[in-house]
Structure formats: structure tokens, C-alpha cells
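Engineer: Show me the folded form of this:
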Amino acid sequence: MAVVLSVVLVACTAGTTDEPATEDVTQTTKADSTTTDVQTTATRLPGADPILGVVPPEPTDYPFVKYSYRWIEYQAQCAAGAGIIYRIVDSAAPFLSYAGTDEQRRIVVSNRCEAIAQERGWAIPNPFDGSAEANALLYDIYVDIHDCMVEHGYPTTDPPSKDAFIEEGEALWTPWEEMFNSVFYVDPDEQMSPSDRLQYEAQEACGGLPNEIYDQQLQEQGQ
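Structural biologist: Numbers count the residues shown, from 1 in each chain. Here you go, the predicted model:
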């Protein structure tokens, strides 16, 4: 049974010679029309992470926002080095799918990869924590999405005042309310109702998860 993550172990060995023994271990997922290759080479060396059993791969592009696409890519690469193979499912908000059987191991590896990314400053925590500052940022993102939806002819409701949204957050309003259902996590291959399909198309055109939009803004700002 596939496990979907919202939006994401082998023993360490050493040689006996003067130079440490190394073994390149490459894990790759197969891609199809809705998946992305996930490949990483982890080197077994002294000092490898005690939980993962390998040296965690360092991302080439960071910091990234938790639950963004770049965060998902890192989770998949880090887990692959420890023998847990995900596929990245492309949708309005890409997510990780796991078809393996060792669910307990998957959770341990996933949690460790997430912790490493945060400890080393590669990942920025989810900025949308319900605080007034977070809601103010979220409001601006949602208004931009709303304006895009209006421009493209998608049904949407007018935003409330910013002060009201800061007070109540998403419980008060989102740009997709007119479409009823939330389908952030949707595999395009799955059957969808007309309202779900419409919302999926709107998210593809105007943006989906705020975390991804915020991550893109950070990249544009060079942070």
C-alpha cells in the first residue's frame, strides 16, 4: 500500500587499510509521466550518521522551506541513501509516495532526514504556524492567488479584510472555497470529480501550497 507524505538503514563499515574503505551506493526510482527520478550516491565512511548508516547527502541548493518541492527532493534523496525509496508524484503540490513494506523503518529514516536538514540549516521551518505574522504573509499569498484565479476565470470568493484574516486565518477564507473540496494532495492519474479537477487546474495555473510559493520567493530573493 502506498504511503503519501503531506506535501518528505544500513550499517556503517570501515576499511582496515590506511585509507578508509568506501562503497558507492546508488538508489534510483523509476520515473513515469507523473514521477521524477530520485537518485543519490551515499558513501559509507567513518563518521556516517548513526541512524542512516551513511553520510547524509548535502543539497546543492538551500535553504529551502519545509514541505516545498526542494524539501521533498531532499527527503527523497536522503532516504534513498538509507535504502528507503520514494517516488515524487507530480501534482499541484508534489508529494512523496512509498510502496515498500518496512513502514517502521521509513518513519525512522524520514524523521532523521528531516532533523538533519533542520540541524544543519538546510531547511527553514514551516512559516505558516497560525501566528499573526504568518497569517499576514499567508493573506498576501492568497490574495495573489485569488487575483490570478479571477484573471483566468476560475470561481473564487472575494477575500475578507486583512485584519480579519490575521485574526482567524484559513478558517475564515481561502481562494478555493468556491470549489468546496481541498485537493492539494492529488495524483493526476487518480479519478477526480469535476470540482476537484477544476481546483487542481486552478492550482496548476495560480499556485497551490503556500510553502512552495514562499520557497520560490526566497529563491528569487537569493536567500
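Engineer: Now do the buried residues in the helix ranked longest in the chain.
Structural biologist: Secondary structure of the chain per DSSP state H: the longest helix is helix 132-152. Buried residues in helix 132-152, defined by neighbour count with 16 or more other Cβ atoms under 10 Å: 134-135, 137-139, 141-142, 145-146, 148-149. (Glycine included, C-beta is placed from N, CA and C.)
Engineer: what does the average pLDDT come to for it?
Structural biologist: Per-residue pLDDT over helix 132-152 has a mean of 93.
Engineer: worst-scoring helix or strand of this structure, pLDDT-wise?
Structural biologist: Ranking every helix and strand in the chain by mean pLDDT, DSSP states H and E puts strand 24-28 at the bottom, with a mean of 36.
Engineer: Tyr67 - how many residues pack around it?
Structural biologist: 24 (other Cβ atoms under 10 Å).
Engineer: so it touches Leu209, yeah?
Structural biologist: Yes - the criterion here is Cβ atoms under 8 Å, and Tyr67 meets it with Leu209 at 6.6 Å.
Engineer: Outline the domain layout of the chain.
Structural biologist: 3-124, 132-221 (automatic domain parsing).
Engineer: List the contacts of Arg70.
Structural biologist: 59, 61-62, 64, 215 (Cβ atoms under 8 Å, 6 or more residues apart in numbering).
Engineer: Closest one to Pro50 out of those residues, please.
Structural biologist: The nearest member of those to Pro50, counting by Cβ to Cβ, is Pro59 at 20.8 Å.
Engineer: That closest one - nearest residue in space that isn't next to it in sequence?
Structural biologist: Nearest non-adjacent residue to Pro59, counting by Cβ to Cβ, 6 or more residues apart in numbering: Tyr74, 5.0 Å away.
Engineer: SS state for that neighbour?
Structural biologist: Secondary structure state of Tyr74, per DSSP: H, G, I helix; E, B strand; the rest coil, is helix.
Engineer: If I look at it, what pLDDT would I see?
Structural biologist: At Tyr74, pLDDT is 94.
Engineer: I'd guessed it sits against Cys113; true?
Structural biologist: Yes - counting by Cβ under 8 Å, Tyr74 touches Cys113, with 7.3 Å between them.
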